[in-house]
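[1] A structural model of the following input is requested.
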Amino acid sequence: MNSITSPYLDSGQESERAAKSDAPILCVDGVGKMFGAHRVLDNVSFQMRTGEVIAIIGPSGSGKSTLLRCINQLEPPTEGRVTIDDMTIEAGHAPSYRELVTLRRRIGMVFQSFNLFPHLSVLRNVSLAQERTMGRSRKQADERSLELLARVGLADKASQYPARCSGGQQQRIAIARALALEPEIMLFDEPTSALDPELGLEVLTVMKELATSGMTMIVVTHEMHFAESVSDRVIIMADGRILEQGESEEVMRRPKTGRAAKFLSAVRDR
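    Presented below is the predicted three-dimensional model:
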C-alpha cells in the first residue's frame, strides 16, 4: 500500500470541524422502515455532533445498512424524521429534487460494493461528480481529485481504470470520490466486508486518518477493534432496534443488556 501522506482536513476552515460541537449536526428521531408487512427499523433515535465518529454494530439483518440508507434518503423512512443542520425531512413527505441534491452534498456515502464507473479512469471517477454537482471546471475538479487520491495513497493510480486496481484500492477511490463533494457527514456501510483482511486494513487506515482529522462519520462495521478504539460512540442494533448506545469502551466492555452481551461475546470469541 502507498503511504497516506496527510489527513483530510488541512485548511483553517476545515480544521474547525475537528472541534466537536455541542449542537447536533444530525438528529434521527423515531425512524421506522417497513418493507411490505416486514418491519426493518423500529423507532430508531440518536443524535450526533460535528466531529464525532459513531460505529453501528450488531448481527446481520438488524437494520444497520437500512438505517444509513434512510438517513440519506436512498430508502425513504416510513416513520419519523431526519434532521441535518436546519433541514428536516419527515417520513411521508417526499423531499424535493433540490432538497435531495442538498442532502447528498451534505452526506457522503461509501458502500460495501465500490460502485465505480468501469469505463472511466480513476481520476474521472473522482472528478465527474464535482463537475456535475458543484460546477467545478474539469481543471479544478482534477486538481482536487489528485489531492484526495494522494491522501488515500493512490496518486499513482489516477490514469488507471478501476479493473486494474485491487479491491482495497477501489474502495479507497470510492472514499476519495465521496470526500471530493466536501460532505459534512460521511456514512460507511461495511466498507471492508468484501475485502480480505490485508486489503481491508488499507481501507481502515484511511478511515482512521479521517477520524483523527475530525471528519464526522457513521460507520456500520463488523470490525470490533475499529468500533472500540476509533469511534467516540457505539450503537448496538438488533431486530431493527437500538439495544444500547454510549461511549465506545463502556458499551463494548460493559454491555447492559443480555442481547448485546451475547452478540459481543460471539464476535470476540470466533
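
[2] And the strands in this protein?
    Listed in chain order, the strands found in the chain under DSSP state E are 24-35, 38-49, 53-57, 79-84, 87-90, 107-110, 185-189, 216-220, 233-238, 241-247.

[3] With mean neighbour count added, can I get those in JSON lines?
    Quick note: C-beta positions are derived from backbone N, CA and C, even for glycine. As requested, these are arranged in JSON lines below (neighbours: other Cβ atoms under 10 Å):
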{"stretch": "strand 24-35", "mean neighbour count": "18"}
{"stretch": "strand 38-49", "mean neighbour count": "17"}
{"stretch": "strand 53-57", "mean neighbour count": "26"}
{"stretch": "strand 79-84", "mean neighbour count": "19"}
{"stretch": "strand 87-90", "mean neighbour count": "15"}
{"stretch": "strand 107-110", "mean neighbour count": "23"}
{"stretch": "strand 185-189", "mean neighbour count": "23"}
{"stretch": "strand 216-220", "mean neighbour count": "26"}
{"stretch": "strand 233-238", "mean neighbour count": "24"}
{"stretch": "strand 241-247", "mean neighbour count": "17"}
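
[4] what's the closest of those strands to Thr257?
    Closest to Thr257 of these is strand 241-247 (Cβ to Cβ; 5.3 Å).

[5] And the closest one, how far out from the chain middle?
    Put simply, strand 241-247 sits 18 Å off its chain's centre (Cα atoms, centre = their mean, to the nearest Å).

[6] just stretch 159-168 next, same as before
    Centroid displacement of stretch 159-168 relative to its chain, using Cα atoms, centre = their mean, is 21 Å.

[7] where does this protein have its least confident helix or strand?
    Every helix and strand in the chain was compared by mean pLDDT, DSSP states H and E; the lowest is helix 12-15, with a mean of 41.

[8] still on that earlier bit, okay, the strands of the chain in JSON lines with distance to Gly153 and mean pLDDT next?
    Listed next are the strands of the chain as JSON lines, based on distance: least, Cβ to Cβ, whole Å; pLDDT from 0 to 100:
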{"stretch": "strand 24-35", "distance to Gly153": "28", "mean pLDDT": "96"}
{"stretch": "strand 38-49", "distance to Gly153": "28", "mean pLDDT": "96"}
{"stretch": "strand 53-57", "distance to Gly153": "20", "mean pLDDT": "97"}
{"stretch": "strand 79-84", "distance to Gly153": "30", "mean pLDDT": "95"}
{"stretch": "strand 87-90", "distance to Gly153": "34", "mean pLDDT": "93"}
{"stretch": "strand 107-110", "distance to Gly153": "16", "mean pLDDT": "94"}
{"stretch": "strand 185-189", "distance to Gly153": "17", "mean pLDDT": "96"}
{"stretch": "strand 216-220", "distance to Gly153": "19", "mean pLDDT": "97"}
{"stretch": "strand 233-238", "distance to Gly153": "28", "mean pLDDT": "97"}
{"stretch": "strand 241-247", "distance to Gly153": "31", "mean pLDDT": "96"}
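
[9] Now distance to Thr133 too, for those, in JSON lines please.
    Converted to JSON lines, the strands of the chain look like this (distance: least, Cβ to Cβ, whole Å):
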{"stretch": "strand 24-35", "distance to Thr133": "21"}
{"stretch": "strand 38-49", "distance to Thr133": "24"}
{"stretch": "strand 53-57", "distance to Thr133": "25"}
{"stretch": "strand 79-84", "distance to Thr133": "17"}
{"stretch": "strand 87-90", "distance to Thr133": "17"}
{"stretch": "strand 107-110", "distance to Thr133": "12"}
{"stretch": "strand 185-189", "distance to Thr133": "16"}
{"stretch": "strand 216-220", "distance to Thr133": "20"}
{"stretch": "strand 233-238", "distance to Thr133": "30"}
{"stretch": "strand 241-247", "distance to Thr133": "33"}
